[in-house]
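1. Build the 3D model from these lines:
(one chain, ligands or ions: 1)
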Amino acid sequence: MQFKEFAEYFQRIESVSSRLKMIEILADMFKKIDSSEISMAVYMTQGVLAAPYEGIEFGLATKMAEDALSIATGKDKNEIESLYKKSGDLGLSAEMLMAESKLRRMRSSSYTIGMVYDSMIKISKASGKGSKEVKVRTLAEVLAASTPIECKYIIRYPLGQLRLGAGDSTILEALSVAHTGERRMKEELEHAYNICSDLGFIAEELYKFGEKGIKSIKVTLFRPIKPALAERLPTPEQIIDRLGGRCAVEQKYDGFRCQVHKSGNTVRIYSRNLEETTDMFPDIVKATKDSIEAENVIFEGEALAYNEKTSEFLPFQETIQRKRKHDVKAMSEQMPLHLMAFDIIYLNGKSYMDLPYNRRREELGRIISQNSERITLSNMVITKSAKELNKFFEESIESGLEGIVAKDLNSSYIAGARKFSWIKLKRSYRGLLSDTLDLVILGYYLGKGSRAEFKFGGLLCGVYNKKSDMFETISRIGTGFSEDNMKKLSSLLSKIRAKSKPARVSSLINPDFWVDPVYVVTVRADEITRSPMHTCCRNNSGDAEVGYALRFPRIIGTDLIREDKRAEDCTSSEEIDELFKQQKKVTTKF
Ligand code: AMP
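-> Numbers count the residues shown, from 1 in each chain. I've put the predicted structure just below:
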């Protein structure tokens, strides 16, 4: 497909305010693209160059994009910079400047999607001495040959500012519509995506081999699987009940979730949000090579700091110090991490995902060397009794842990979903809503009075409704911000302002500014209450007029923005509904 046509579709997607319309346009666009370009088109729609776990970055700073624009238009760099400062969107500046550029005649707009993508790969691959010039020149060449609308997206793409608002689920649904004319393949595509985490690859398989291709996507080494997630329930009795009267109970460790892939002597580690984090954990890599007795394996565990002298786990505040880019080696020697292994997904050519929990656990135990000092099987008991579960829970808390995760003995490994096959119980669940929530920022307010100087007065936050693929509002948060946080939020959010309410946001409230739903913050609140103001669960509460809100919400956490969570990984509407019900039970019980 000519990139010009592709860019015109982007222009339409950007301007719609309904998710359904967005799917329609995306599907129409995908239909016209052939199998040789579909993976690139999907990556571009996601705003990436490859699956995120590949870690391929553009490495192009705004200044370089300005230089390229200056070469392509013949305009002065200062003029470009001041235009950019005014609009905050270099794509818009590019569109405007290109439209009025005298060099315009020379442009024939002959680039295809593949050609633009190849140039972007060239930009990302340039490294070392002279790479800046290569990047600038390559971008300038593409810009000079493109129409103003194309330029808008060609500039935004490598700067990470495409902001089409199409989430992965929307793209999958559009692929289904493009391929079959209806949504019926969405679940199948989603399942394949949970297993391989690569949307471009899925699209290509679909185009080349149809439904058969999608069905044949298997767990593969060095392609992370979306991690299984835990639900929550407030009491041991409810947990035992829900898990059929008998379950496994494991200690819950508070550290970094690691999905470890090993093939021979090659080990790679992926985080909860599917980024490759191998470089962060040289100690875990070594421990895997030393003490995992399997040629090819994918297993999971929680890595946390451990005091060898006292045999105690250290709190998360200690473990988090390992999250750094510099001095990793020194730090890993000073504070080596211990991996508490809790699941196995693949072994020697076979997927273990469909085996029941107790079979997987057996195999996991078998591959960890008895002499290992750095990798241990998580502590576990199997019980029928709420009393025994509670005892194990109390002991875990006493030894400084967060709580327990109870697991369904018969359940397979459920990638990417919470399906009550894992249920967590943390100390904080024992009261009202004292567990934290992860909310996505949907908009923000300007400051009044003493806050005016920070250009920040509060947030509008929401949760994710997985079924409808929409973000629903749940709370305004106006208190608990330090001056530093206000400055940081104002600067971060001003860069992702949206012109109007994004298509995948459902809201009855209008903040001063809408933003693209990308940042997640951790929030504590006293209680979930019913509210006619918010859209969280408004349509599935049985009372279409009323949603849920938070009482006394405040931001917590040392890192303001949760870098380990994407917007869709925030607390879901379904979880809020469940928490509200639990809260009612707990309140009436005590
Ligand atoms: P939460 O982050 O509170 O939703 O709790 C789920 C997380 O607990 C998982 O993503 C793991 O990182 C972590 N975890 C710690 N210990 C275990 C365990 N024994 N089984 C499963 N997950 C665990």
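2. C-alpha from now on. contacts and neighbour counts both.
-> OK.
3. Show me how this structure divides into domains.
-> Domains of the chain are assigned by automatic domain parsing as 229-430, 437-583.
4. Please render those as TSV that adds distance to Ile195 and mean neighbour count to the earlier fields.
-> Converted to TSV, the domains of the chain look like this (distance: least, CA to CA, whole Å; neighbours: other CA atoms under 10 Å):
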stretch	distance to Ile195	mean neighbour count
domain 229-430	7	19
domain 437-583	16	19
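5. what's the closest of the ones you listed to the ligand?
-> Nearest of the domains of the chain to the ligand, taken as CA to the nearest ligand atom: domain 229-430 at 3.5 Å.
6. of all the domains of the chain, which lies closest to Ala174?
-> With distances scored as CA to CA, the stretch of these nearest to Ala174 is domain 437-583 (12.6 Å).
7. Would you agree Ala305 is in contact with His338?
-> Yes: between Ala305 and His338 there is a contact under CA atoms under 8 Å: 6.2 Å.
8. Need the residues touching each of the two.
-> Here Ala305 and His338 have no joint contacts, going by CA atoms under 8 Å, 6 or more residues apart in numbering.
9. Output the domains of the chain in CSV, with distance to the ligand and mean pLDDT appended to each entry.
-> Shown next, in CSV, are these (distance: least, CA to the nearest ligand atom, whole Å; pLDDT from 0 to 100):
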stretch, distance to the ligand, mean pLDDT
domain 229-430, 4, 90
domain 437-583, 9, 88
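10. closest to Ile171 out of these?
-> domain 437-583 (10.8 Å).
11. Regarding that closest one, how distant is the last residue from the first?
-> Here the two ends of domain 437-583 are set 14 Å apart, with distance taken as CA to CA, to the nearest Å.
12. One more: stretch 508-520?
-> 21 Å.
13. same deal with stretch 224-236?
-> End-to-end distance of stretch 224-236 (CA to CA): 32 Å.
14. Check what contacts that stretch and list those residues.
-> With CA under 8 Å, 6+ apart, stretch 224-236 has contacts from 53, 194-197, 219, 239, 259, 270, 272-274, 386-387, 389-390, 405, 413-425, 429-430, 575, 582, 586.
15. Now, those that are in helices?
-> Within the contacts of stretch 224-236, residues falling in helices by DSSP state H are 194-196, 239, 386-387, 389-390, 575, 582, 586.
16. Kindly indicate which of the residues you listed lies nearest Ala549.
-> Distances from Ala549 to these, taken by CA to CA, are shortest for Glu575, at 13.2 Å.
17. Give the bridge partners for the nearest residue to that closest one once chain neighbours are set aside, please.
-> Nearest non-adjacent residue to Glu575, counting by CA to CA, 6 or more residues apart in numbering: Glu231, 7.8 Å away. Residues in a beta bridge with Glu231, per DSSP bridges, are Ile423.
18. With Gln2 as the reference, measure out to Glu231.
-> Distance from Glu231 to Gln2, by CA to CA: 46 Å.
19. Repeat that for Tyr193.
-> Distance of Tyr193 to Gln2, computed by CA to CA: 28 Å.
20. higher neighbour count, these two?
-> Ranked by neighbour count (other CA atoms under 10 Å), Tyr193 and Gln2 place Tyr193 first, with 25 against 15.
21. dump the residue contacts of the more buried one.
-> Applying CA under 8 Å, 6+ apart, the residues near Tyr193 are 199, 202.
22. Tell me the confidence at it?
-> pLDDT, Tyr193: 96.
23. Now do the strands in the stretch 1-150 of the chain.
-> Under the criterion DSSP state E, counting those that start in this stretch, the stretch 1-150 of the chain carries no strands.
24. residues near the residue in it positioned nearest to the ligand, how many?
-> Relative to the ligand, the nearest point of the stretch 1-150 of the chain is Tyr53 (17.5 Å; CA to the nearest ligand atom). Neighbour count of Tyr53, defined by other CA under 10 Å: 18.
25. Now do the same for it: its pLDDT.
-> The model's pLDDT for Tyr53 equals 94.
26. Please apply the same query to Arg107.
-> Listed pLDDT for Arg107 reads 54.
27. Before I go, just wanted to say thanks for your time.
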